[in-house]
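1. Sharing a model prediction with you, sequence too.
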Amino acid sequence: MADIKETAKRALGLLDLTSLNDGDTEQTVRDLCAKAHTKYGPTAAVCVWPRFAKLAADLLKDSPIQVAAVANFPQGDADIDQAVTTSSHIIADGADEVDVVFPYAAFLDGDTEVAAQLVSASKKACGPNGRLKVILETGCLKDPEAIRQASLIALENGADFIKTSTGKTEVSATLEAARIMLECIRDTGSKAGFKPSGGIRDVNDAAQYLALADEIMGPDWATAQTFRFGASGLLNNLIAVLDGEDNAAPSIEAY
(Lines give C-alpha, C1' and ligand atoms only; values in the text may rest on other atoms or scores of the structure.)
Protein backbone atom coordinates (compact mmCIF):
# COMPACT_ATOMS: atom_id res chain seq x y z
CA MET A 1 0.00 0.00 0.00
CA ALA A 2 1.24 3.43 -0.89
CA ASP A 3 0.97 5.92 1.94
CA ILE A 4 -1.91 8.23 1.14
CA LYS A 5 -0.44 11.31 2.83
CA GLU A 6 2.94 10.76 1.20
CA THR A 7 1.24 10.59 -2.19
CA ALA A 8 -0.79 13.72 -1.45
CA LYS A 9 2.33 15.66 -0.46
CA ARG A 10 4.13 14.48 -3.58
CA ALA A 11 1.24 15.46 -5.84
CA LEU A 12 0.86 18.89 -4.24
CA GLY A 13 4.41 19.83 -5.21
CA LEU A 14 3.71 18.81 -8.82
CA LEU A 15 0.49 20.78 -9.23
CA ASP A 16 -0.11 23.51 -11.79
CA LEU A 17 -2.90 25.25 -9.90
CA THR A 18 -5.15 26.44 -12.70
CA SER A 19 -7.95 28.91 -13.31
CA LEU A 20 -9.06 29.27 -16.93
CA ASN A 21 -12.69 30.24 -16.58
CA ASP A 22 -14.38 32.82 -18.79
CA GLY A 23 -15.26 34.97 -15.80
CA ASP A 24 -11.79 35.13 -14.25
CA THR A 25 -10.77 38.54 -12.91
CA GLU A 26 -7.69 40.04 -11.31
CA GLN A 27 -9.12 39.04 -7.94
CA THR A 28 -9.44 35.46 -9.17
CA VAL A 29 -5.73 35.48 -9.95
CA ARG A 30 -4.80 37.10 -6.64
CA ASP A 31 -6.77 34.40 -4.81
CA LEU A 32 -5.20 31.67 -6.96
CA CYS A 33 -1.67 32.88 -6.25
CA ALA A 34 -2.38 33.08 -2.53
CA LYS A 35 -3.83 29.58 -2.57
CA ALA A 36 -0.67 28.24 -4.25
CA HIS A 37 1.20 28.95 -1.00
CA THR A 38 -0.15 26.12 1.16
CA LYS A 39 0.71 25.15 4.71
CA TYR A 40 2.19 21.98 3.25
CA GLY A 41 4.42 23.81 0.80
CA PRO A 42 4.02 25.55 -2.55
CA THR A 43 2.46 24.14 -5.68
CA ALA A 44 4.75 23.87 -8.70
CA ALA A 45 3.02 26.61 -10.68
CA VAL A 46 -0.11 28.57 -11.37
CA CYS A 47 -1.68 28.64 -14.83
CA VAL A 48 -3.79 31.59 -15.99
CA TRP A 49 -5.06 33.42 -19.05
CA PRO A 50 -2.40 35.45 -20.93
CA ARG A 51 -3.89 38.77 -19.81
CA PHE A 52 -3.12 37.85 -16.21
CA ALA A 53 0.46 36.62 -16.75
CA LYS A 54 2.07 39.86 -15.58
CA LEU A 55 -0.09 40.10 -12.48
CA ALA A 56 0.68 36.50 -11.50
CA ALA A 57 4.38 36.99 -12.18
CA ASP A 58 4.44 40.10 -10.01
CA LEU A 59 2.59 38.36 -7.19
CA LEU A 60 4.88 35.33 -7.25
CA LYS A 61 8.21 36.97 -8.08
CA ASP A 62 9.77 36.18 -4.70
CA SER A 63 8.54 32.58 -4.58
CA PRO A 64 9.58 29.29 -6.19
CA ILE A 65 6.15 28.99 -7.84
CA GLN A 66 6.31 29.17 -11.63
CA VAL A 67 3.83 31.13 -13.71
CA ALA A 68 2.28 29.63 -16.83
CA ALA A 69 -0.25 31.08 -19.25
CA VAL A 70 -2.05 29.59 -22.23
CA ALA A 71 -1.84 30.32 -25.96
CA ASN A 72 -4.44 29.53 -28.70
CA PHE A 73 -6.54 28.07 -25.91
CA PRO A 74 -8.69 26.05 -25.94
CA GLN A 75 -9.48 25.74 -29.65
CA GLY A 76 -5.96 24.93 -30.87
CA ASP A 77 -6.18 27.23 -33.88
CA ALA A 78 -3.51 26.62 -36.52
CA ASP A 79 -2.64 30.34 -36.71
CA ILE A 80 1.12 30.23 -36.13
CA ASP A 81 1.56 34.01 -35.99
CA GLN A 82 -1.09 34.35 -33.30
CA ALA A 83 0.39 31.52 -31.22
CA VAL A 84 3.83 33.11 -31.51
CA THR A 85 2.58 36.58 -30.60
CA THR A 86 0.73 35.30 -27.55
CA SER A 87 3.65 33.15 -26.43
CA SER A 88 6.06 36.07 -26.79
CA HIS A 89 3.81 38.37 -24.76
CA ILE A 90 3.40 35.77 -22.01
CA ILE A 91 7.16 35.46 -21.57
CA ALA A 92 7.69 39.22 -21.89
CA ASP A 93 5.18 39.72 -19.08
CA GLY A 94 7.37 37.67 -16.76
CA ALA A 95 5.83 34.21 -17.00
CA ASP A 96 8.05 31.16 -16.99
CA GLU A 97 5.97 28.81 -19.11
CA VAL A 98 3.57 28.76 -22.05
CA ASP A 99 0.92 26.07 -22.47
CA VAL A 100 0.17 26.08 -26.21
CA VAL A 101 -2.52 23.95 -27.82
CA PHE A 102 -1.36 21.57 -30.55
CA PRO A 103 -3.44 22.32 -33.68
CA TYR A 104 -5.18 18.99 -33.35
CA ALA A 105 -8.00 19.65 -35.84
CA ALA A 106 -5.52 20.54 -38.59
CA PHE A 107 -3.40 17.54 -37.61
CA LEU A 108 -6.41 15.21 -37.86
CA ASP A 109 -7.07 16.66 -41.33
CA GLY A 110 -3.57 15.54 -42.32
CA ASP A 111 -1.68 18.81 -41.91
CA THR A 112 1.26 17.57 -39.87
CA GLU A 113 3.46 20.35 -41.20
CA VAL A 114 1.49 23.18 -39.62
CA ALA A 115 1.48 21.25 -36.35
CA ALA A 116 5.26 20.92 -36.41
CA GLN A 117 5.73 24.57 -37.40
CA LEU A 118 3.43 25.89 -34.70
CA VAL A 119 5.25 23.98 -31.96
CA SER A 120 8.68 24.95 -33.26
CA ALA A 121 7.77 28.63 -33.65
CA SER A 122 6.13 28.77 -30.23
CA LYS A 123 9.21 27.24 -28.65
CA LYS A 124 11.40 29.89 -30.26
CA ALA A 125 9.01 32.57 -28.99
CA CYS A 126 9.63 31.35 -25.44
CA GLY A 127 13.28 32.44 -25.71
CA PRO A 128 16.22 30.73 -24.04
CA ASN A 129 14.63 30.37 -20.62
CA GLY A 130 10.90 29.95 -21.22
CA ARG A 131 9.39 26.48 -21.01
CA LEU A 132 6.86 25.28 -23.63
CA LYS A 133 4.12 22.82 -22.71
CA VAL A 134 2.23 21.44 -25.70
CA ILE A 135 -1.41 20.39 -25.12
CA LEU A 136 -2.24 17.54 -27.47
CA GLU A 137 -5.97 17.29 -26.65
CA THR A 138 -5.80 13.51 -26.62
CA GLY A 139 -9.54 13.13 -26.04
CA CYS A 140 -10.10 14.54 -29.53
CA LEU A 141 -7.19 12.66 -31.13
CA LYS A 142 -8.72 9.44 -29.71
CA ASP A 143 -6.74 6.92 -31.81
CA PRO A 144 -3.60 5.61 -30.07
CA GLU A 145 -1.52 6.04 -33.21
CA ALA A 146 -2.67 9.64 -33.59
CA ILE A 147 -1.71 10.33 -29.96
CA ARG A 148 1.68 8.73 -30.57
CA GLN A 149 2.31 10.70 -33.77
CA ALA A 150 1.25 14.01 -32.19
CA SER A 151 3.49 13.31 -29.20
CA LEU A 152 6.46 12.67 -31.47
CA ILE A 153 5.83 15.81 -33.52
CA ALA A 154 5.69 17.90 -30.37
CA LEU A 155 8.83 16.34 -28.91
CA GLU A 156 10.78 16.63 -32.16
CA ASN A 157 9.94 20.33 -32.44
CA GLY A 158 11.03 21.49 -29.01
CA ALA A 159 8.26 20.76 -26.53
CA ASP A 160 9.55 20.89 -22.95
CA PHE A 161 6.39 19.10 -21.80
CA ILE A 162 3.63 17.22 -23.55
CA LYS A 163 0.24 17.65 -21.92
CA THR A 164 -2.90 15.59 -22.39
CA SER A 165 -5.75 18.06 -22.44
CA THR A 166 -7.20 21.53 -22.11
CA GLY A 167 -9.84 20.24 -19.70
CA LYS A 168 -12.46 21.87 -21.95
CA THR A 169 -13.50 18.80 -23.95
CA GLU A 170 -15.70 15.84 -23.11
CA VAL A 171 -12.72 13.51 -22.62
CA SER A 172 -9.68 14.87 -20.81
CA ALA A 173 -6.73 12.95 -19.35
CA THR A 174 -6.81 9.16 -19.51
CA LEU A 175 -4.30 6.60 -18.34
CA GLU A 176 -4.25 5.09 -21.83
CA ALA A 177 -3.15 8.37 -23.42
CA ALA A 178 -0.71 8.98 -20.58
CA ARG A 179 0.98 5.64 -21.20
CA ILE A 180 1.46 6.39 -24.88
CA MET A 181 2.87 9.84 -24.18
CA LEU A 182 5.25 8.65 -21.47
CA GLU A 183 6.46 5.82 -23.69
CA CYS A 184 7.20 8.36 -26.44
CA ILE A 185 9.28 10.42 -24.03
CA ARG A 186 11.13 7.31 -22.87
CA ASP A 187 11.66 5.77 -26.30
CA THR A 188 12.96 8.97 -27.90
CA GLY A 189 15.32 9.70 -25.02
CA SER A 190 13.72 13.12 -24.71
CA LYS A 191 14.33 15.31 -21.68
CA ALA A 192 10.75 16.58 -21.92
CA GLY A 193 8.21 16.26 -19.15
CA PHE A 194 4.61 15.05 -19.00
CA LYS A 195 1.46 16.77 -17.77
CA PRO A 196 -1.87 15.01 -17.33
CA SER A 197 -4.62 17.61 -17.19
CA GLY A 198 -8.37 17.61 -16.83
CA GLY A 199 -10.53 15.33 -14.73
CA ILE A 200 -7.91 14.67 -12.04
CA ARG A 201 -9.91 15.43 -8.92
CA ASP A 202 -8.50 13.51 -5.96
CA VAL A 203 -5.44 11.80 -4.55
CA ASN A 204 -6.44 8.43 -6.01
CA ASP A 205 -6.53 9.90 -9.52
CA ALA A 206 -3.14 11.49 -8.91
CA ALA A 207 -1.73 8.25 -7.53
CA GLN A 208 -2.54 6.34 -10.70
CA TYR A 209 -0.69 8.80 -12.92
CA LEU A 210 2.30 8.92 -10.59
CA ALA A 211 2.43 5.11 -10.50
CA LEU A 212 2.37 5.02 -14.29
CA ALA A 213 5.21 7.53 -14.53
CA ASP A 214 7.21 5.56 -11.96
CA GLU A 215 6.66 2.37 -13.95
CA ILE A 216 7.64 3.77 -17.34
CA MET A 217 10.23 6.41 -16.47
CA GLY A 218 11.58 5.18 -13.14
CA PRO A 219 10.74 6.07 -9.53
CA ASP A 220 12.95 9.18 -9.38
CA TRP A 221 11.85 10.74 -12.66
CA ALA A 222 8.68 12.60 -11.68
CA THR A 223 9.76 15.94 -10.24
CA ALA A 224 8.41 19.43 -10.83
CA GLN A 225 10.89 19.69 -13.71
CA THR A 226 9.42 16.67 -15.50
CA PHE A 227 5.88 16.07 -14.24
CA ARG A 228 2.90 18.33 -13.56
CA PHE A 229 -0.76 17.91 -12.80
CA GLY A 230 -3.06 20.40 -14.50
CA ALA A 231 -6.01 20.84 -12.18
CA SER A 232 -8.14 23.37 -10.36
CA GLY A 233 -9.99 21.27 -7.80
CA LEU A 234 -7.29 18.76 -6.90
CA LEU A 235 -5.57 20.96 -4.32
CA ASN A 236 -8.56 21.00 -1.98
CA ASN A 237 -8.62 17.21 -1.85
CA LEU A 238 -4.87 16.93 -1.33
CA ILE A 239 -5.01 19.35 1.61
CA ALA A 240 -7.98 17.49 3.07
CA VAL A 241 -5.97 14.26 2.90
CA LEU A 242 -2.95 15.90 4.49
CA ASP A 243 -5.19 17.35 7.19
CA GLY A 244 -6.33 13.81 7.95
CA GLU A 245 -9.98 14.50 7.23
CA ASP A 246 -12.15 11.41 7.31
CA ASN A 247 -13.34 10.18 3.92
CA ALA A 248 -11.09 12.63 2.04
CA ALA A 249 -10.01 9.66 -0.05
CA PRO A 250 -10.11 5.88 0.27
CA SER A 251 -6.94 3.86 0.64
CA ILE A 252 -4.59 3.99 -2.32
CA GLU A 253 -3.95 0.67 -3.96
CA ALA A 254 -0.54 -0.18 -5.33
CA TYR A 255 -0.71 0.10 -9.12
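-> Structure received. Numbers count the residues shown, from 1 in each chain.
2. name the element Tyr209 belongs to?
-> Secondary structure from DSSP states H and E places Tyr209 in helix 203-217.
3. again, but for Val29
-> Secondary structure assigned from DSSP H and E places Val29 in helix 26-35.
4. right, and the helix or strand after that helix?
-> Elements were assigned by DSSP H and E; along the chain past helix 26-35, the next helix or strand is strand 37-38.
5. Strands of this structure, start to end?
-> 15-18, 37-38, 41-42, 45-48, 66-71, 97-101, 131-135, 161-163, 193-195, 229-231 (DSSP state E).
6. can you put the ones you listed in JSON lines and add distance to Leu118 and mean neighbour count?
-> The C-beta positions use only the backbone N, C-alpha and C, and glycine is treated the same way. Output for those, formatted as JSON lines (distance: least, C-beta to C-beta, whole Å; neighbours: other C-beta atoms under 10 Å):
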{"stretch": "strand 15-18", "distance to Leu118": "21", "mean neighbour count": "26"}
{"stretch": "strand 37-38", "distance to Leu118": "34", "mean neighbour count": "14"}
{"stretch": "strand 41-42", "distance to Leu118": "32", "mean neighbour count": "15"}
{"stretch": "strand 45-48", "distance to Leu118": "19", "mean neighbour count": "28"}
{"stretch": "strand 66-71", "distance to Leu118": "10", "mean neighbour count": "26"}
{"stretch": "strand 97-101", "distance to Leu118": "7", "mean neighbour count": "27"}
{"stretch": "strand 131-135", "distance to Leu118": "9", "mean neighbour count": "27"}
{"stretch": "strand 161-163", "distance to Leu118": "14", "mean neighbour count": "28"}
{"stretch": "strand 193-195", "distance to Leu118": "18", "mean neighbour count": "25"}
{"stretch": "strand 229-231", "distance to Leu118": "20", "mean neighbour count": "28"}
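7. right, and those - which one's nearest Gly218?
-> Closest to Gly218 of the strands of the chain is strand 193-195 (C-beta to C-beta; 12.9 Å).
8. name the helices or strands packed onto that closest one?
-> strand 161-163, helix 175-188 (3 or more C-beta pairs under 8 Å, 6 or more residues apart in numbering; DSSP states H and E).
9. The strands of the chain: which one's closest to Glu215?
-> Proximity to Glu215 (C-beta to C-beta) singles out strand 193-195 among the strands of the chain, at 12.7 Å.
10. The helix holding Tyr209 - contacts with which helices or strands?
-> Of the remaining helices and strands, those touching helix 203-217 by 3+ C-beta pairs under 8 Å, 6+ apart are helix 4-12, helix 175-188, helix 234-242.
11. Leu17: what's it in contact with?
-> Neighbouring residues of Leu17 by C-beta atoms under 8 Å, 6 or more residues apart in numbering: Leu32, Lys35, Ala36, Thr43, Ala45, Val46, Cys47, Ala231, Ser232, Leu235.
12. mind checking how far the second one is from Lys123?
-> As defined by C-beta to C-beta, to the nearest Å, Lys35 lies at a distance of 30 Å from Lys123.
13. Between those two, which has more neighbouring residues?
-> Lys123 (22 against 15; other C-beta atoms under 10 Å).
14. For the nearest residue to that one once chain neighbours are set aside, give me its contacts.
-> When the adjacent residues along the chain are set aside, Lys123 lies closest to Gly158, with 3.4 Å between them (C-beta to C-beta, 6 or more residues apart in numbering). Neighbouring residues of Gly158 by C-beta under 8 Å, 6+ apart: Val119, Ser120, Lys123, Lys124, Leu132.
15. Give me the pLDDT value at Gly158.
-> Predicted confidence (pLDDT) for Gly158: 98.
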